[in-house]
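**Q** below: sequence and its predicted model.
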Amino acid sequence: CQRCHSDSDIHAVTPDKSGAKLLITDESYQDSVHAKVPCVACHQSVNGNAGFEALPHVQTTVASNSCESCHGLIQHKITDAYKKSVHATKIDQGKFTCESCHDAHTMQAGIITQPTAQQITASNAMCTDCHTRPTVYKTLSGGKKVTEQDLTHQSLPNPPLHLSSLRCIDCHASSQDTSL
């Protein structure tokens, strides 16, 4: 897989995949929590085609290959919390998934427990990417306007310091949080 997916010239061969994240550098994958998991544990091709030799790949979704198939067993607190979250309960099924925020190919363990300043910035960028785009936010939030949120967090003491030191999820990941 990495023979092609680590090549910086990789690009989508169909319009419906344009913008898809196809490049996965060897370094970022080897540093990820899933580095020892074979690609076919999560990705499978449709029976009857040329498998992953065919371009574009024709993949099938198999429930046993979902994030929850592993994380529901070994990290059930995470999947239980997600199921109760605003993102899972208020957004139409399929519009918001684990992959909306997490890249399984590059996710690092330290991001979860002791994120660096760079990881905090990247984590918050995932949130603000949806929460600041009017059309996306309106679609995912069931019609709310971006301006209905307090993205500046003016109620906090020293908001810039808070926003550069904490991930959005550090305060907004509770299943009781309705502000997302």
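**A** Good, I have the coordinates. Remember, it's a predicted structure, so these values are computed and weren't measured experimentally.

**Q** report pLDDT for residue 50.
**A** As predicted, residue 50 sits at a pLDDT of 68.

**Q** and if you look at the one 5 residues further on?
**A** The predicted local confidence for residue 55 comes out at a pLDDT of 79.

**Q** now name the helix or strand holding the nearest residue to it once chain neighbours are set aside.
**A** Spatial nearest neighbour of residue 55, excluding adjacent residues (CB to CB, 6 or more residues apart in numbering): residue 13 at 5.3 Å. In this view, the C-beta of every residue, glycine as well, is placed from N, C-alpha and C. Using DSSP states H and E, residue 13 sits within no helix or strand.

**Q** measure residue 13 to residue 22 for me?
**A** Going from residue 13 to residue 22 by CB to CB, to the nearest Å gives 10 Å.

**Q** tell me which of the two has more neighbours.
**A** residue 22 (14 against 11; other CB atoms under 10 Å).

**Q** does the more buried one touch residue 9 like I think?
**A** No. Residue 22 lies out of contact with residue 9 (CB atoms under 8 Å); the separation is 10.2 Å.

**Q** could you list the low-pLDDT ranges of this structure?
**A** 17-19, 48-50, 61-65, 110-113, 174-180 (pLDDT under 70).

**Q** what segments of it are helices?
**A** Secondary structure of the chain (DSSP state H): helices at 2-5, 26-30, 67-74, 76-84, 86-89, 109-113, 117-131, 134-140, 159-165, 168-172.

**Q** for these, give me a markdown table that also has mean neighbour count.
**A** Shown next, in a markdown table, are the helices of the chain (neighbours: other CB atoms under 10 Å):
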| stretch | mean neighbour count |
| --- | --- |
| helix 2-5 | 12 |
| helix 26-30 | 13 |
| helix 67-74 | 14 |
| helix 76-84 | 14 |
| helix 86-89 | 16 |
| helix 109-113 | 12 |
| helix 117-131 | 15 |
| helix 134-140 | 14 |
| helix 159-165 | 13 |
| helix 168-172 | 16 |
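
**Q** which one, of those, ends up nearest to residue 39?
**A** In this view, these are compared for proximity to residue 39 by CB to CB, and helix 2-5 is the closest at 8.5 Å.

**Q** restrict the closest one to CA atoms and write it as PDB.
**A** Output of helix 2-5 as PDB, limited to C-alpha atoms (Å, rounded to 0.1, in the frame of the first residue of the first chain):
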ATOM      1  CA  GLN A   2       2.700   2.400   1.000                       C
ATOM      2  CA  ARG A   3       4.500   1.900  -2.400                       C
ATOM      3  CA  CYS A   4       1.800   4.200  -3.800                       C
ATOM      4  CA  HIS A   5       0.300   6.000  -0.800                       C
END
